[in-house]
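# I'd like to go over a predicted model; first the sequence, then the structure.
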Amino acid sequence: MNQYVTGAMIRRLREERKITQLQLAERMNVSDKAVSRWETGRGYPDITLIEPLAEALGVSVIELFSGEDVVNTNRAAHMLRSKFHVCPICANVILSTGEAVVSCCGITLPALEAEAPDEGHPIRVERVEDEFYVTIAHEMRRDHSITFLAALGVDGWEVRRLYPEGDAQARFRIAGTDRFYYYCNRHGLFTAPAKITP
């Protein structure tokens, strides 16, 4: 069962809560045979039952769809634990300050892993008065562009959205800025230290 919710997940959550198939069925106004079919992969819960199923099992719909529990293990916020997520459908950029299950346009988005810049994505950092002026030597077409530039500082993030009609450049305050991140819609996320380019 791998369409939108797994039978194994339903069974695990039900058993963890020490409820029977009949009790779950009664909470949802379905038969216990229906619950049995879902758990064994011989049937799927109707999409209209997803919200009541999540509620009956005590989880969010996102947790039910992802097949994983969302547990807050990020006890102390640390900016280096931040994760970027980019929707491949609408290009929405979502920043989480730790592990998260992120969904956009009906799909679960993986956290992006940042790499060092390669020869196709060089970064140039200059100082202009009290700001970093950051440019990426990259074409800016709709099908291949840098979609955002971000600066990580001691007290948070500055994110600049970029568009194909413009240039791959942005300004960020110098004080406290430690790293830059930027995203190519074909090649992924890149990161570099906040240092003036020689």
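Right, received. Where do you want to start?

# which stretches of the chain form helices?
Applying DSSP state H to the chain gives helices spanning 7-16, 21-28, 32-40, 50-57, 61-66.

# For the second one, C-alpha coordinates in PDB please.
Extracted C-alpha coordinates of helix 21-28, given in PDB (Å, rounded to 0.1, in the frame of the first residue of the first chain):
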ATOM      1  CA  GLN A  21      -9.500  -2.600  14.600                       C
ATOM      2  CA  LEU A  22     -13.100  -2.500  15.900                       C
ATOM      3  CA  GLN A  23     -12.500   0.500  18.100                       C
ATOM      4  CA  LEU A  24     -10.800   2.400  15.300                       C
ATOM      5  CA  ALA A  25     -13.600   1.400  13.000                       C
ATOM      6  CA  GLU A  26     -16.200   2.700  15.500                       C
ATOM      7  CA  ARG A  27     -14.400   6.000  15.900                       C
ATOM      8  CA  MET A  28     -14.600   6.500  12.100                       C
END
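
# Return the set of buried residues in that helix.
21, 24, 25, 28 (16 or more other CB atoms under 10 Å). Just so you know, the C-beta spots here come from the backbone N, C-alpha and C atoms, and that holds for glycine as well.

# and what of stretch 116-123?
Quick answer for stretch 116-123 (16+ other CB under 10 Å): 121, 123.

# quick one: low-confidence ranges for this structure?
The chain contains residues with pLDDT under 70 at 1-5, 66-80.

# Next, name the residue at the spatial heart of it.
residue 85 (3.5 Å; CA atoms, centre = their mean).

# if I read this right, that one contacts residue 105, doesn't it?
No. The criterion here is CB atoms under 8 Å, and residue 85 misses it with residue 105 at 11.7 Å.

# Break this protein into its domains for me.
The chain is divided into the following domains under automatic domain parsing: 7-66, 79-109, 123-193.

# Pipe the buried residues of helix 21-28 into TSV and attach distance to residue 136 per row.
Listed next are those as TSV, based on distance: CB to CB, whole Å:
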residue	distance to residue 136
21	55
24	52
25	56
28	51
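
# tell me the contacts of residue 161?
Neighbouring residues of residue 161 by CB atoms under 8 Å, 6 or more residues apart in numbering: 93, 147, 148.

# Equivalent analysis for residue 193, please.
Residue 193 touches 178, 179, 180, counting by CB under 8 Å, 6+ apart.

# how far away is the last one from residue 61?
Taking CB to CB, to the nearest Å as the measure, residue 180 and residue 61 are separated by 35 Å.

# List the contacts of residue 12.
For residue 12, no contacting residues are found, by CB under 8 Å, 6+ apart.

# which stretches of this structure form strands?
83-86, 93-96, 102-104, 107-109, 123-128, 131-136, 146-153, 156-161, 169-173, 177-184, 188-193 (DSSP state E).

# measure residue 131 to residue 177 for me?
Residue 131 is 9 Å from residue 177, where distance means CB to CB.

# Which one of those two is surrounded by more residues?
residue 177 (19 against 15; other CB atoms under 10 Å).

# My guess is that one contacts residue 152. True?
Yes. Between residue 177 and residue 152 there is a contact under CB under 8 Å: 7.2 Å.

# re earlier: more neighbours: which of residue 180 and residue 61?
Applying other CB under 10 Å to residue 180 and residue 61 shows that residue 180 carries more neighbours, namely 24 against 15.
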